[in-house]
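Student: Would you be able to build a 3D model of this:
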Amino acid sequence: MGFLDALSKATNVAQKGLDLYSGVVEKDARTTIDRLNKSGNSGAAERLSERLDSHLNRKVKPVRRRDESYDENFSSGYENVDFDDEATDSGQGSCDEDENADSFVVQDALDAPPVRAISAGEGHVMAIAEDGTLWAWGRNWYGQLGDGTTTNPNAPVRIGGAANWVSVSAGERHTVAIREDGTLWAWGNNQFGRTGLGTTSGNTTSPVQIGTATNWIHASAGEEHNVAIRSDGSLWAWGRNIYGQLGDGTTTNRATPVQIEAGTKWAYISAGASLTLAIKENGSLWAWGLNSTGQLGDGTMANRNAPVQIQPGMTWKSASAGEDHNVAIRSDGTLWAWGRNDYGQLGDDTIFADSEVPVQIQASTTWTYVSAGDMYTMAIRSDGTLWAWGGNDYGQLGDGTTTDSEVPVQIQAGTTWTYVSAGDMYTMAIRSDGTLWAWGGNDYGQLGDGTTTDRGPTQIMIPVIEQEIIHKPIAIAKEQGT
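Tutor: The predicted model follows:
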């Protein structure tokens, strides 16, 4: 069989396999969409629904191996390939297990799956694709990526075989995440008990379940501590507690989760460098932990080892804890910031003017999402526009300069965004079309673009899962004689 004939037959047969595969994808996707709607994440549910429709209508196209080109030498390598129609029709198939046998790939027209969630840690990134698979890249000295190694990859690598992850949070040297079944998982450095696994030494390089509870709905990893909420509204914390950042009334480290203020129902949490922000179900904002620059927002510079309310009488809908400053959005859509301000990270048009109480950022009432990084801030308005301010030494603001800004500046006018995560001098963000973008510092490959070079906004591609598609429902290529 000639190369072109083989290519044509492979494409036709692969389309049959794709139709079978799509049935499985649709069932899993519909389950995930229902779960997202029930958890109040209607935006992600809508994007996944749109993506599913696109997936069900897609076609197969042949893709060459990345190290080959379409020339005579390449095509001659396919003269002795046999394609088994019957195996594919039955949903079965076989393929040489060598990676180089993956010569035809079922690919979406957009080439890369959209991203549902992203979290930028100190030097590593965690991402969840719309299909529920978990990906990671960047700094991995302590196994914080969860791929079983301590190697720093500069492009996305898949973590395990599970495809049921719903949320993830990257800390300084560790990661916490939740699966669809409500189980909580952690990996990375165990110092201070930050992984919650009951140990305070060594590293855990692959995801390990924390306890046996199956009702976790949100978790946030700080620098060396974590906080998480269960479906009953209860709040739990573990890890380092030298500044009272756990909120249990002590400064004792905890190697397993301990409940904070039993009987109180919490709705939102964010763990920062050495402090915690949380919102109760009634919309009140609370903070505890380190307060050396007024970052708790209670009008003092005294550390707190138990929750203290911020601006009583006000109601809030979200908050983000950074390195030494914090930002939050009130229920009226206004944006507020407090804490350290030596790079203009508060965004109130001042510099070197720390604030021990929240100050309003501009007069807009349309802020919908905000993320506090290390000395800078990123935020999104209801029209999908992205804004940034603060330190910009590595281009982490994304405005094409390395100049700090004391006020919000729009990033890439004309584009719309749904999510942003500010890390340690670098930024990850998701556009409304589900594509993933990164910019800023890249010492450890944390941008995920295959380099360690600092960049302006660059699209990051989550790989198509070639092995799953080829070897399972569409595993159709096999060498003659095997």
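Student: where exactly do the strands run in the stretch 101-250 of the chain?
Tutor: Here the stretch 101-250 of the chain has its strands, by DSSP state E, counting those that start in this stretch, at 115-120, 124-129, 134-138, 157-158, 165-170, 174-179, 184-189, 203-209, 216-221, 225-230, 235-239.
Student: Kindly report the same for the stretch 301-450 of the chain.
Tutor: For the stretch 301-450 of the chain, the strands defined by DSSP E, counting those that start in this stretch cover 304-310, 316-321, 325-330, 335-339, 355-360, 367-372, 376-381, 386-390, 405-411, 417-422, 426-431, 436-440.
Student: got TSV for those strands, with mean neighbour count, mean pLDDT and distance to His174 too?
Tutor: Heads up, the C-betas are built off the backbone N, CA and C, glycines and all. Compiled in TSV, the strands of the stretch 301-450 of the chain are given as follows (neighbours: other Cβ atoms under 10 Å; pLDDT from 0 to 100; distance: least, Cβ to Cβ, whole Å):
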stretch	mean neighbour count	mean pLDDT	distance to His174
strand 304-310	19	98	22
strand 316-321	24	98	16
strand 325-330	27	98	21
strand 335-339	27	98	24
strand 355-360	18	98	29
strand 367-372	23	98	19
strand 376-381	27	98	23
strand 386-390	27	98	25
strand 405-411	19	98	29
strand 417-422	24	98	16
strand 426-431	26	98	18
strand 436-440	26	98	21
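Student: Redo those as a markdown table? Include distance to Ile260.
Tutor: As requested, the strands of the stretch 301-450 of the chain are arranged in a markdown table below (distance: least, Cβ to Cβ, whole Å):
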| stretch | distance to Ile260 |
| --- | --- |
| strand 304-310 | 7 |
| strand 316-321 | 15 |
| strand 325-330 | 18 |
| strand 335-339 | 22 |
| strand 355-360 | 22 |
| strand 367-372 | 21 |
| strand 376-381 | 26 |
| strand 386-390 | 30 |
| strand 405-411 | 33 |
| strand 417-422 | 24 |
| strand 426-431 | 29 |
| strand 436-440 | 33 |
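Student: Nearest approach to Asp449 belongs to which of the ones you listed?
Tutor: Distance to Asp449, taken as Cβ to Cβ, is lowest for strand 436-440 among the strands of the stretch 301-450 of the chain, at 6.7 Å.
Student: now for the helix or strand immediately after that closest one in the chain, which elements pack on it?
Tutor: Later in the chain than strand 436-440, the nearest helix or strand by DSSP states H and E is strand 455-460. Judged by 3 or more Cβ pairs under 8 Å, 6 or more residues apart in numbering; DSSP states H and E, strand 455-460 is in contact with strand 436-440.
Student: quick one: the strand it packs on to strand 405-411, angle?
Tutor: Our comparison of strand 436-440 with strand 405-411, counting by axes from the mean of the first three to the mean of the last three Cα atoms, to 10 degrees, yields an angle of 150 degrees.
Student: Which one, of the strands of the stretch 301-450 of the chain, ends up nearest to Ala163?
Tutor: Proximity to Ala163 (Cβ to Cβ) singles out strand 436-440 among the strands of the stretch 301-450 of the chain, at 17.7 Å.
Student: Let me see the contact set for the most centrally placed residue in the chain.
Tutor: Taking Cα atoms, centre = their mean as the criterion, Ile118 is the residue nearest the geometric centre of the chain, at 1.8 Å. Shown in contact with Ile118 (Cβ atoms under 8 Å, 6 or more residues apart in numbering): Val125, Met126, Ala127, Ile128, Tyr419, Ser421, Met428, Ala429, Ile430, Leu436.
Student: How about Gly322?
Tutor: The contact partners of Gly322, taken as Cβ under 8 Å, 6+ apart, are Gly272, Ala273, Gly339, Gln345, Ala372, Gly373, Asp374, Met375, Thr377, Ala422.
Student: what about 7 Å?
Tutor: Neighbouring residues of Gly322 by Cβ atoms under 7 Å, 6 or more residues apart in numbering: Gly272, Ala372, Gly373, Asp374.
Student: what's the distance between the last one and Glu130?
Tutor: By that I understand Asp374. For Asp374, the distance to Glu130 equals 29 Å [Cβ to Cβ, to the nearest Å].
Student: can I see the domain layout of this structure?
Tutor: Here the domain parsing of the chain from automatic domain parsing is 3-106+466-479, 115-443.
Student: now these in JSON lines, with distance to Thr452?
Tutor: What follows is the domains of the chain, written out as JSON lines (distance: least, Cβ to Cβ, whole Å):
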{"stretch": "domain 3-106+466-479", "distance to Thr452": "20"}
{"stretch": "domain 115-443", "distance to Thr452": "5"}
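Student: wait, which of the ones you listed is closest to Arg455?
Tutor: domain 115-443 (5.5 Å).
Student: Leaving out sequence neighbours, find the closest residue to Leu145.
Tutor: Among residues not flanking Leu145 along the chain, Ala136 sits closest, at 3.9 Å (Cβ to Cβ, 6 or more residues apart in numbering).
Student: count of residues packed around the one you found?
Tutor: Neighbour count for Ala136, taken as other Cβ atoms under 10 Å: 25.
Student: Tell me which residues touch it, please.
Tutor: Contacts of Ala136 by Cβ under 7 Å, 6+ apart are His124, Val125, Met126, Leu145, Gly146, Asp147, Val157, Ile159.
Student: and with 10 Å instead?
Tutor: 119, 121, 124-127, 144-147, 153, 156-159, 168, 170, 175, 187, 448 (Cβ atoms under 10 Å, 6 or more residues apart in numbering).
Student: are any of those residues buried, and which?
Tutor: Among these, those classed as buried by neighbour count (16 or more other Cβ atoms under 10 Å) are 119, 121, 124-127, 144-147, 153, 156-159, 168, 170, 175, 187, 448.
Student: and of the strands of the stretch 101-250 of the chain, who's closest to Pro408?
Tutor: strand 115-120 (19.1 Å).
Student: Pull up the pairing partners for the closest one, direction included.
Tutor: Looking at strand 115-120 with DSSP bridges, its partner strands are strand 124-129 (antiparallel).
Student: average pLDDT across the strand it pairs with?
Tutor: Strand 124-129 shows a mean pLDDT of 98.
Student: Any idea how far it is from the middle of the chain?
Tutor: Relative to its chain's centre, strand 124-129 lies at 4 Å (Cα atoms, centre = their mean, to the nearest Å).
Student: Same question for stretch 213-228.
Tutor: In terms of Cα atoms, centre = their mean, the centre of stretch 213-228 is set 14 Å apart from its chain centre.
Student: How about stretch 317-336?
Tutor: Counting by Cα atoms, centre = their mean, stretch 317-336 is centred 19 Å from the centre of its parent chain.
Student: repeat for stretch 425-434
Tutor: Per Cα atoms, centre = their mean, the centroid offset for stretch 425-434 relative to its chain is 10 Å.
Student: Quick one: end-to-end distance for that stretch.
Tutor: End-to-end span of stretch 425-434 (Cα to Cα, to the nearest Å): 23 Å.
Student: what's near enough to touch Ser331?
Tutor: Ser331 sits next to Ile279, Gly283, Met314, Thr315, Trp316, Lys317, Ser318 when contact means Cβ under 10 Å, 6+ apart.
Student: again, 7 Å this time
Tutor: If you count contacts by Cβ under 7 Å, 6+ apart, Ser331 has them with Gly283, Thr315, Trp316, Lys317.
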